[in-house]
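# turn this into a structure:
(chains A, B, C and D)
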There are 2 protein chains.
Amino acid sequence: MRTIDLPLIRRSRLFAQVAEPDLAAMLTACFVQTLPEGAVLCRQGEKAEFLHVVLSGRVGLFGAAARDEALVEFFGPGDAFIVPAVVLDAPYLLTARLLDEGRIMMWPAAAFRAQVRATGSLAYGAVLLLSGYWRTLGGLIKDLKLLSAIERLSAFLLALAPRETGPVTVTLPGGRRLVAGRLGITPQSLSRAFAALRPLGVSGGGREVTIVEPARLREFVGSRALKGT
Amino acid sequence: MRTIDLPLIRRSRLFAQVAEPDLAAMLTACFVQTLPEGAVLCRQGEKAEFLHVVLSGRVGLFGAAARDEALVEFFGPGDAFIVPAVVLDAPYLLTARLLDEGRIMMWPAAAFRAQVRATGSLAYGAVLLLSGYWRTLGGLIKDLKLLSAIERLSAFLLALAPRETGPVTVTLPGGRRLVAGRLGITPQSLSRAFAALRPLGVSGGGREVTIVEPARLREFVGSRALKGT
DNA sequence: CACCGGGCTTGATTCACGTCAAGTAACATG
DNA sequence: CATGTTACTTGACGTGAATCAAGCCCGGTG
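Numbering: from 1, shown residues only, chains lettered A, B, ... in the order given. Got it, this is the predicted structure:
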């Protein structure tokens, strides 16, 4: 555990309410690893052994099936994922893989379970974290069931853009292949979706995409999709 | 609050770890309502005002879009839903509607937020509850992205069936329209999906469906879809 | 009994997206 | 400089599911 990691750990929502001495005590059981891109942190079907907290880099959660796999969600610094598998002491539902090189804090499952049960402030942090994730997944399901591929891409781009009216340039979180997985479509379809959005002022080179007029895009997806919200 | 409700409340995972005197104190802020089928408990986009705990009946969470809406998940007795919106003090992401007549406990949002922050055992219960829900949604997304409609129906039926080998009769949680929404397809497609499964030993009258040989169905969905789990 | 309305099924057609297959561009490697 | 290699785009074609449109079955009502 390097001292350089501490501020990153502190910043996680999981620890926001934990008092300083408690935090120090908790972390004695943990260790930090630097891992390369592509490293697998946990595998679908295996028993939960560690809670992982992302300190740097990004992690993707994948669901595997016969031939292909789908990205379910991804996480960045400050996120603690697979909390559910750990607290319920259940097998991992998904496979986690590093999308970049990154530093990951490992927290032995049994120790974490005991801490959550014993420390109210940690449990509260977990509630906040899980609440955010639940909303993310709920929104994802809504999108998958109700929106077309093009609409989902629009919504995705808008979510990436800061709430502005002028032209914005957003950076895609990874290659197009990854984005396609997140949207639940193939890379080819993603390409077509980008082409379909070009007339609406979405010009995309490589990993950078600029939206000429977010309002227009917002109106497009809004009119076709969301009523409330 | 009727005394008849207490055992139901106790049974909820949310309160599993809460000591008896604490529980009594918490419940002073709550009240219980009997509501008819179709009653709307909360509406997408509105600010969270109550946490709802289902005591009897079933509740569906729907996402609304321009013309249609999709069922995201449903809940039964013991479930406390929209915890995330309440603890984050954020607008509801989804609309909740009663699928049957049912008794619902209402817990004012501010009071619940304060209790979760103050009472570790309640926060721990919330962590368990949310963990379960996260896994449900994660599985749902995996299914939506990787499985065909027929495969999703198979998996859904198998999840309803007790872990048996012999012929099983399962009861659908509501009309076919509802099931179709849950699976992310139209009622017509559901009908066709049932027809497609008939050769595999799935005979469906009305709301009861009997599976002649669960193992065969399991093999069907397994071979085509899930590798690990 | 005739009548009607809602839920389920079935058929014909349409459409979105996946699949297969080239083709292009950027970059590293021999 | 030729050559992979990888990432992205584009086109042609097939398919799964939505849509449109009847029919069917069943319970309620006059």
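# C-alpha only now, for contacts and for neighbours.
Noted.
# does DNA strand D sit close to the lowest-mean-pLDDT helix or strand in chain A?
The weakest-scoring helix or strand in chain A, judged by mean pLDDT, DSSP states H and E, is helix A:214-224 (a mean of 80). No. For helix A:214-224, no contact with DNA strand D is found by Cα under 7 Å from any atom of the strand; the gap never falls below 11.8 Å.
# buried residues in that helix?
A:214, A:217, A:220-222 (16 or more other Cα atoms under 10 Å in any protein chain shown).
# all helices for chain A, in order.
A:6-11, A:20-27, A:83-88, A:109-118, A:120-146, A:149-160, A:176-183, A:187-197, A:214-224 (DSSP state H).
# now the last one against helix A:187-197, angle please.
Regarding helix A:214-224 and helix A:187-197, their directions subtend 110 degrees when assessed with axes from the mean of the first three to the mean of the last three Cα atoms, to 10 degrees.
# which non-adjacent residue is nearest A:Leu93?
Closest residue to A:Leu93 apart from its sequence neighbours, by Cα to Cα, 6 or more residues apart in numbering or on different chains: A:Gln44 at 5.2 Å.
# ok, back up a step: show me which of the buried residues of helix A:214-224 is closest to DNA strand C.
Of all the buried residues of helix A:214-224, A:Val221 has the smallest distance to DNA strand C: 12.7 Å, by Cα to the nearest atom of the strand.
# pretty sure that closest one contacts A:Glu151?
Yes. The criterion here is Cα atoms under 8 Å, and A:Val221 meets it with A:Glu151 at 5.6 Å.
# show me the contacts for A:Thr34.
By Cα atoms under 8 Å, 6 or more residues apart in numbering or on different chains, the contact set of A:Thr34 is A:101-104.
# stretch A:80-90 and chain B in contact?
Yes. Interface with chain B: stretch A:80-90 contributes A:83-85, A:87-88 (Cα under 8 Å from any Cα of the partner chain).
# walk me through the domains of chain A.
As assigned by automatic domain parsing, chain A contains the domains A:3-143, A:147-224.
# what's the closest of these to B:Ala109?
domain A:3-143 (14.5 Å; Cα to Cα).
# do that closest one and DNA strand D meet?
No. Counting by Cα under 7 Å from any atom of the strand, DNA strand D is not contacted by domain A:3-143; separation bottoms out at 11.3 Å.
# name the spans of chain A whose pLDDT lies under the cut-off.
The model of chain A has pLDDT under 70 over residues A:1, A:66-67, A:222-229.
# near DNA strand C, which residues of it show up?
Going by Cα under 7 Å from any atom of the strand, the residues of chain A near DNA strand C are A:147-150, A:184-186, A:188-189.
# cutoff 6 Å now
Within chain A, the positions near DNA strand C by Cα under 6 Å from any atom of the strand are A:148-150, A:184-186, A:188-189.
# turn those into CSV, including distance to chain B.
Output for the residues of chain A next to DNA strand C, formatted as CSV (distance: Cα to the nearest Cα, whole Å):
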residue, distance to chain B
A:Ser148, 12
A:Ala149, 12
A:Ile150, 15
A:Gly184, 6
A:Ile185, 8
A:Thr186, 11
A:Gln188, 16
A:Ser189, 14
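# buried members of these into PyMOL, please.
Burial among the residues of chain A next to DNA strand C is assessed by 16+ other Cα under 10 Å; the matching PyMOL selection reads:
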select buried, chain A and resi 148+149+150+184+185+186
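# any chance of the residues of chain A next to DNA strand C in JSON lines, with distance to A:Ala25 too?
Converted to JSON lines, the residues of chain A next to DNA strand C look like this (distance: Cα to Cα, whole Å):
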{"residue": "A:Ser148", "distance to A:Ala25": "49"}
{"residue": "A:Ala149", "distance to A:Ala25": "47"}
{"residue": "A:Ile150", "distance to A:Ala25": "49"}
{"residue": "A:Gly184", "distance to A:Ala25": "42"}
{"residue": "A:Ile185", "distance to A:Ala25": "45"}
{"residue": "A:Thr186", "distance to A:Ala25": "46"}
{"residue": "A:Gln188", "distance to A:Ala25": "50"}
{"residue": "A:Ser189", "distance to A:Ala25": "50"}
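# show me which pair in the residues of chain A next to DNA strand C is furthest apart.
A:Ser148 and A:Gln188 (14.9 Å).
# dump the helices of chain A to CSV, plus distance to B:Gly120.
Output for the helices of chain A, formatted as CSV (distance: least, Cα to Cα, whole Å):
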stretch, distance to B:Gly120
helix A:6-11, 20
helix A:20-27, 14
helix A:83-88, 15
helix A:109-118, 8
helix A:120-146, 4
helix A:149-160, 34
helix A:176-183, 35
helix A:187-197, 45
helix A:214-224, 41
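# for B:Gly138, which of the ones you listed is the nearest?
helix A:120-146 (7.1 Å).
# counting by contacts, list what the closest one packs against.
For helix A:120-146, the contact count by 3 or more Cα pairs under 8 Å, 6 or more residues apart in numbering or on different chains; DSSP states H and E identifies helix A:109-118, strand B:69-75, helix B:83-88, helix B:109-118, helix B:120-146 as packing neighbours.
# hmm, back to that, need the residues that contact the least confident helix or strand of chain A.
So helix A:214-224 is in contact with A:151, A:154-155, A:158, A:164-168, A:200-201, B:65-66, going by Cα under 8 Å, 6+ apart.
# of these, just the buried ones, ChimeraX syntax please.
The buried residues among those can be selected in ChimeraX (16+ other Cα under 10 Å) with this line:
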select /A:151,154,155,158,168,200 /B:65
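# what is the nearest of the contacts of helix A:214-224 to B:Val179?
Distances from B:Val179 to those, taken by Cα to Cα, are shortest for B:Ala65, at 18.6 Å.
# one step back: mean neighbour count and distance to B:Val209 added to the helices and strands packed on helix A:120-146, as TSV?
Shown next, in TSV, are the helices and strands packed on helix A:120-146 (neighbours: other Cα atoms under 10 Å in any protein chain shown; distance: least, Cα to Cα, whole Å):
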stretch	mean neighbour count	distance to B:Val209
helix A:109-118	17	40
strand B:69-75	21	20
helix B:83-88	23	33
helix B:109-118	17	40
helix B:120-146	23	21
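# got TSV for these, with distance to B:Arg207 too?
Below are the helices and strands packed on helix A:120-146 laid out as TSV (distance: least, Cα to Cα, whole Å):
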stretch	distance to B:Arg207
helix A:109-118	41
strand B:69-75	17
helix B:83-88	31
helix B:109-118	37
helix B:120-146	22
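# with that, I have no additional questions.
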